[in-house]
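**Q** got a sequence here, can you model it:
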Amino acid sequence: MHSQYISTRGQSPALPFSQARWSALIARTPSTAYADIAADLFSLYSFGPQSAFRSIHVAPLHDVRDHTSPNKPLVHILELFHGPTLAFKDVALQFLGYLFEYLLARQPEGKQEVTVVGATSGDTGSAAIAGLRGKAGIRVCILHPHGKVSPVQAAQMTSVLDANVCNVALDGDCTFDDCQDVVKAMFNDPSMRAEFQLAAVNSINFARILAQVSYYVYSYLQLEAQFGRHAVEAKVVYSQMGLPIGKLIVATNENDILYRFMQSGIYSPDPNWQPGMPADTSFQAHPTLSPAMDITVASNFERVLYDWVQDATQVKAWMDQVKTRGGFKVPDSVLHKARTALWSHHVRDSEIVDTIADYYARSKYVLDPHTAVGVRSADEYRAHHVVAGPMVCLATAHPGKFLDAVCTALARSFPQGTSAEVKALETLPRRLVKLQRDNNGAKPGKEQVAKVLRMQWPVGEVVVGQKLVPANCDLV
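**A** Model (predicted):
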């Protein structure tokens, strides 16, 4: 019997995996090889051949050690940045590209083409493009906020000139949340879904989430092999799949909606919002050194919220209140469930810089700013709790993608240099469609993006590459 997938808002019938993988809103692992773990996990949720998986070592577990006390790791870093775009999103999106192509080829005639539309704050877009470029029957259109992704991230996306790829930048002081709202509006429009045969690559696509589950299991088994079967003393069994994880630490930057929820039970983009206050629709994310985390609403939060309440009607009502009332507050019973499974901390930009500098001084290991948020949060957790077993931090991006922040922390020098892929981006031409506010000052919406999709592809202006190494950085 195969798993059925449901909507957390009760708006879709139960679907098999073969249908749910297109939708936008909707302890048995003997091997320690990454691809084998991923394939085994997928077999629990889907069906069919496993030949799409490659048996390669995609996520090495690195022990970061203090050179003054080398016998005890400071932290275990699961390096998820060894894919083509040097970010953890590659882990899922490389698989998703092959999955889409594989399944499209088996669709009836007339249903063998889709248009993937996604929003990005940086890494998702470049990883989606890398995973979908050149795939038969697939067009991919990625929206990003103009000027609010790192120069390397922007170059990775816009330098792909394949005919099935289109990059759209929303100008006019737009944010990632604005891009995400446009994508959701398109998927919520039945006529657009039908016209363009829309498919999703953002994490609202469950196939992508399932691919990411693999590296949690993988890291656990690597530690188990290193320290022995009882190394991780789990206080709770978090995963319904049976993986014994004591706590999941939710690390945020200054855009800390999840941290604030864990403190108060209030979920609102506005940190000053309280129940009964009017909604402030103008509130935007604060730009930080970790731009991929600059969000005001966490797209997948409602999935864990549903897991805690098991009530699709209630989840829909709460999520609707974010737009209509400015936010919502959950009962204490729900907050208790959240705190049983999760612990959260928020990290300021100054702390990101300090953490990168501190870990390099102690271990010669270079953290990117997003990974530094996680490592700093892990240090804070250990400072206030008894930790019985190993702790793993996810390294979500190569530090070469965020040279400005890293070189600020390391006083101009960047010992690892840039990877060959990043350096090559400087000479590549780029193609981009830029959408502006209209004459009434309204931000670009779904209709403007639909016009782009109706154009003859490839579409967009081609420009020359540009220097990516910031002035404050000396490569050594």
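
**Q** in the longest strand along the chain, what counts as buried?
**A** Ordering each strand of the chain by length in residues (DSSP state E) puts strand 69-79 first. Under the neighbour-count criterion of 16 or more other C-beta atoms under 10 Å, strand 69-79 has 73, 74, 75, 76, 77, 78, 79 buried. All C-beta atoms are positioned from the backbone trio N, CA, C, and that covers glycine.

**Q** so what's the closest residue to the fourth one other than its chain neighbours up against?
**A** Spatially, and ignoring its direct neighbours in sequence, residue 76 is nearest to residue 392 (4.7 Å; C-beta to C-beta, 6 or more residues apart in numbering). When contacts are counted by C-beta atoms under 8 Å, 6 or more residues apart in numbering, residue 392 is found next to 61, 75, 76, 77, 78, 219, 223.

**Q** repeat for residue 291
**A** Here residue 291 is in contact with 121, 122, 148, 149, 150, 153 (criterion: C-beta under 8 Å, 6+ apart).

**Q** how does it look with 6 Å?
**A** residue 122 (C-beta atoms under 6 Å, 6 or more residues apart in numbering).

**Q** and for residue 404?
**A** Here residue 404 is in contact with residue 470 (C-beta under 6 Å, 6+ apart).

**Q** gap between it and residue 379?
**A** 23 Å (C-beta to C-beta, to the nearest Å).

**Q** residues in contact with residue 248?
**A** residue 342.

**Q** next one, pLDDT for it please.
**A** Looking at residue 248, its pLDDT is 92.

**Q** just residue 122 next, same as before
**A** So, for residue 122, pLDDT stands at 80.

**Q** which helix or strand contains residue 367?
**A** For residue 367, there is no host helix or strand (DSSP states H and E).

**Q** isn't it right up against residue 358?
**A** No. The pair residue 367 / residue 358 is not scored as a contact, 9.4 Å apart, by C-beta atoms under 6 Å.

**Q** neighbour-wise, which of those two wins?
**A** The neighbour count for residue 367 versus residue 358, taken as other C-beta atoms under 10 Å, is higher for residue 367 (30 against 18).

**Q** which residues in the stretch 151-300 of the chain form strands?
**A** 165-170, 198-199, 248-252, 266-267 (DSSP state E, counting those that start in this stretch).

**Q** where's residue 453 relative to residue 207, distance?
**A** Residue 453 is 22 Å from residue 207, by C-beta to C-beta.

**Q** picking that back up, between the buried residues of strand 69-79, which is closest to residue 304?
**A** Among those, residue 78 lies closest to residue 304 (C-beta to C-beta), at 20.8 Å.

**Q** rewinding a little: residue 453 and residue 207: which has the busier surroundings?
**A** residue 207 (23 against 19).

**Q** if I look at that one, how far off is residue 98?
**A** Taking C-beta to C-beta, one finds residue 207 at 11 Å from residue 98.

**Q** what's the offset of stretch 191-207 from the middle of its chain?
**A** Put simply, stretch 191-207 sits 17 Å off its chain's centre (C-alpha atoms, centre = their mean, to the nearest Å).

**Q** gap between the two ends of that stretch?
**A** 24 Å (C-alpha to C-alpha, to the nearest Å).

**Q** likewise for stretch 376-393?
**A** Stretch 376-393: ends 10 Å apart by C-alpha to C-alpha.

**Q** ok, residue 360 - contacts?
**A** residue 366.

**Q** got the angle between the helix or strand harbouring it and strand 69-79?
**A** Taking DSSP H and E as the definition, residue 360 sits inside helix 349-363. Calculated by axes from the mean of the first three to the mean of the last three C-alpha atoms, to 10 degrees, helix 349-363 forms an angle of 130 degrees with strand 69-79.
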